[in-house]
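Q: with the input below, show me the fold.
(one chain, ligands or ions: 1)
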Amino acid sequence: MGKLNVKTTCPYCGVGCGMVAFEGPQGTIKIKGDKTHPANYGRLCSKGASVHETLGLKDRLLSPVVHGKEVDWDSALDQVANSFREIIDKHGPDSVAFYVSGQLLTEDYYVANKLMKGYIGSANIDTNSRLCMSSSVAGHKRAFGADTVPCSYEDLELADVIVLVGSNTAWCHPVLFQRIQAAQKENPNLKLVVVDPRGTETGDATDLHLQINSGSDAFLFNGLLSYLVDQGSIDHDFVSNHTNGFDATLRTAKETCGSIKHVSKHTGCSITQIETFYELFSKTENVVTVYSQGINQSSSGTDKVNAIINCHLATARIGKPGSGPFSFTGQPNAMGGREVGGLANMLAAHMDIQNPAHQSLVQSFWKSPRIAKESGLKAVDLFKAIDEGKVKALWVMATNPVVSLPNADTVKKAIQKCELVVVSDCMANTDTMELAHIKLPALAWGEKDGTVTNSERRISRQRSFLTAPGQSKADWWIISEVAKRMGFENVFSYRSAHEIFCEHAALTGYQNDGRRDLDISGLSQIDSDSYMGLAPTQWPVNQNNPTGKTRFFSNGHFYTENGKANFIAVTPQEPVSVPDRNFPFRLNTGRVRDQWHTMTRTTKAARLNEHTPEPYLAIHPRDAARNGLEVDGLAKVSSPYGEMTARVKLDQKQSPGQVFIPMHWTSQFSLKARVNSIVNDHVDPVSGQPELKHTPVKVEPYRPNWFGFLLSKRELPLKDLSYWTKIDGAGFYRYEIAGEQSPLDWSDWARDLLCTEGDSINWVELADPKARRYRGIRMEGDALESCLFIGPNTLLPPRDWLATLFSKDTISVQERNSLLLGKSSEGLVDDGKRICACFAVGEKKILNAMKK
Ligand code: SF4
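A: Have a look, this model is predicted:
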């Protein structure tokens, strides 16, 4: 264990909460919120609060591996560099690509981008942030001339109306939602409007929920612009002095959404609801409109972003306290990636890849032999190019495209065909790592050191407090070592993240003179002690703003050619694929509260797995009944791209005709639940962001011959099952299982499943083969080793009480007698289903307390 009492930043979402790692009892590491960090002032959500439970080395990749054999670093790095060099020499720079991640630190990202765009000479580096917020980037650039986030979190507290569009903030940015709720207590006049086709926890807490038809956001905001004009709510001075293109934009808005009746028809919301929202927006000076993946993940996401920004420009509600359009980013360092040019269509330091002046500026700063002059392949196109054999070498860093890309089975096949696949990651077993020819062990959170930028442009330090395990290395080190071996020794001889940060900061200020939004040149000379102690700071940090800046555009100056913001005329579009007779439901995907991305870290915290143990299909009860789906049964969900299986969850808040499936599950945790294997790969033509929230699908009941569950102290290799999902518990593994065939002998089958050779079996069982019922308990001494319950339907004993027995060294006689019943013995408390992950409170405990 390394140093303790270290301030750092949460590894999960774009809120960027500050944390303190400190020493707990018996040398354990604990985490608490950093009360001094301006993103969260000490608050943490359930994921952040349990991150210390994820620090173990289970499933870590700790040595370089080449073609299945552990090797030393020199051999692995030589192999990567030589293979890339050979492929480039033979097929040109565009035959190789990097696919990187919003989990990388800014310093890692900077080096990867410099190598690809400045030294290899291709722009084939794209990031998984393409999937979450590239439409916001494109919308910002069209409107402001730069990818600038105007607002700060404190604007949420200063607003009188907050509109949350396509954002389940309560689950996806929980600490910001806590801040909004606290602001509502302080300011009872603060109104919260939620625009979301899905009923969510965020919608539950709102004053007005506009449950619009999926994808109809641009109708709503075009209609709002038209309404604002009709009501005389336009700030004409601001519009004429600080903007371009208002008249044309208004004309389009009027033509497409000139009446509330028309907006109502397209959005599916009542005229009264729309009028209420429009009036609220029109009459309130301080309005913040937050938008997130529900807006971005669309084939017209950029237009939707601009439709929102148009309303803020028209009313001059931008650059003022409590006002502005505000994109919440998904990943911890999505913003840092944007800053250093991690997207294939950007250069470093927010410069434009197709701008000759920017090209020569970056090239002269880097002193590089070449510079990419055209956009590279954006994520979806990149994997298509791999499939077509155009890209022959791929280096994936800290991400899992086999799970997260749309049309994911095709992505998997493309990677399988690729001549050279390098994956650098801290985890040994991911769906993508399984396909790697060369595996490079990277440092994980808590071990690595650098900076991240959150949604409000705040740069914070992620500090290391653990020593590097095995042979793991920082991503910037790995990339630099490969670069040196490719012949670029002089310019990649970095000794620390600090050196890289200073170079990045210097580039942001290089020949800037206020012409570019991103300028942190004020940090370019900091020494290593100041870098170590760097306090969370909002950019820009330069001569004019030595301590950072809260919000942009207060002076009405934008980064376009004439310094004025652009209105963008938006013609609302339907999603590319719409439901039809064969695929009648619209599939929406997203996150659940207690999991993160492809679950590699969050599943290590048992209490997080209790919130949503299984992949599920949320469907309105009427739709479920019409399609023969039963609560807690299984559903087969299919689209033209593939099929998957998920547990059925009836949800009154789900709009009829729409279904929702979470994005997290991978082949490591469930047999067939990678939702992106059924998601279409249509993209926004401007941003390249895929339409992850609209795929027409069919849902059918999946009726296996039997259902069951299995709890075991050991992780088990499951085979020949029709369905399984693994849930990591505290001291045990839980598997929900189902089969299409009943075995000839349940006892033999159960032993085959649970026992290893040479086991001394202490086995108790009960079988009724005709009724497809089986119960088996396996003891190891006086402790429970595993138990298996099978039945013809989903009416099986609750898992929670049985799970508690795995923490006991000795099972009492009373408990043994109850084991086959699967029910709590008298005197023991069955807490019921876990409701609160933070404090481990069960449903029955809450209900009993309420009765008292
Ligand atoms: Fe971490 Fe986001 Fe939760 Fe904050 S809100 S603790 S950054 S996951």
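
Q: give me every residue that touches the residue in the stretch 451-600 of the chain positioned nearest to the ligand.
A: For the stretch 451-600 of the chain, the residue positioned closest to the ligand under C-beta to the nearest ligand atom is residue 596, at a distance of 7.2 Å. For the C-beta atoms, the positions are set from N, CA and C on the backbone; glycine is no exception. Under the criterion of C-beta atoms under 8 Å, 6 or more residues apart in numbering, the contact partners of residue 596 comprise 12-13, 47, 602, 664.

Q: equivalent analysis for residue 616, please.
A: For residue 616, counting by C-beta under 8 Å, 6+ apart, the contacting residues are 646-649, 661-662.

Q: and which of these is nearest to residue 403?
A: residue 662 (11.8 Å; C-beta to C-beta).

Q: OK, contacts around the closest residue in space to that closest one that isn't next to it in sequence?
A: What sits nearest to residue 662 in space, not counting adjacent residues and going by C-beta to C-beta, 6 or more residues apart in numbering, is residue 592, at 4.8 Å. When contacts are counted by C-beta under 8 Å, 6+ apart, residue 592 touches 171, 611-612, 662, 664.

Q: find the closest residue to the ligand in the stretch 51-200 of the chain.
A: Across the stretch 51-200 of the chain, the shortest distance to the ligand (C-beta to the nearest ligand atom) belongs to residue 175, at 3.7 Å.

Q: helix or strand next in line after the strand or helix carrying that residue, which one?
A: Secondary structure assignment for residue 175, by DSSP states H and E: helix 174-186. Sequence-wise, the next helix or strand downstream of helix 174-186 (DSSP H and E) is strand 191-195.

Q: show me what that following strand is packed up against.
A: Taking 3 or more C-beta pairs under 8 Å, 6 or more residues apart in numbering; DSSP states H and E as contact, the helices and strands that strand 191-195 lies on are strand 161-165, strand 208-210, helix 271-283.

Q: which pair of the contacts of residue 616 spans the longest distance?
A: The largest separation in the contacts of residue 616, counting by C-beta to C-beta, is between 648 and 662 at 13.7 Å.

Q: what about the helices in the stretch 301-450 of the chain?
A: 301-314, 334-340, 356-366, 379-387, 401-404, 408-417 (DSSP state H, counting those that start in this stretch).

Q: show me what from the stretch 1-150 of the chain comes close to the ligand.
A: Applying C-beta under 6 Å from any ligand atom, one finds that the stretch 1-150 of the chain approaches the ligand through 10, 12-13, 15-17, 40, 44-45, 47-48.

Q: the ligand contacts on the protein?
A: If contact is defined as C-beta under 6 Å from any ligand atom, the residues of the chain in contact with the ligand are 10, 12-13, 15-17, 40, 44-45, 47-48, 173-175.

Q: closest one of those to residue 536?
A: After measuring the residues of the chain next to the ligand against residue 536 - C-beta to C-beta - the closest member comes out as residue 16, at 8.0 Å.

Q: burial measure for that closest one, as a count.
A: Residues near residue 16, counting by other C-beta atoms under 10 Å, number 29.

Q: ok, for it, nearest residue in space, not its chain neighbours?
A: residue 454 (2.7 Å).

Q: check contacts around that neighbour.
A: Residue 454 makes contact with 9, 14-16, 39, 329, 332, 335, 460 under the criterion C-beta under 8 Å, 6+ apart.

Q: redo that, cut-off 6 Å
A: Contacts of residue 454 were listed using C-beta atoms under 6 Å, 6 or more residues apart in numbering, and they are 14, 16, 39.
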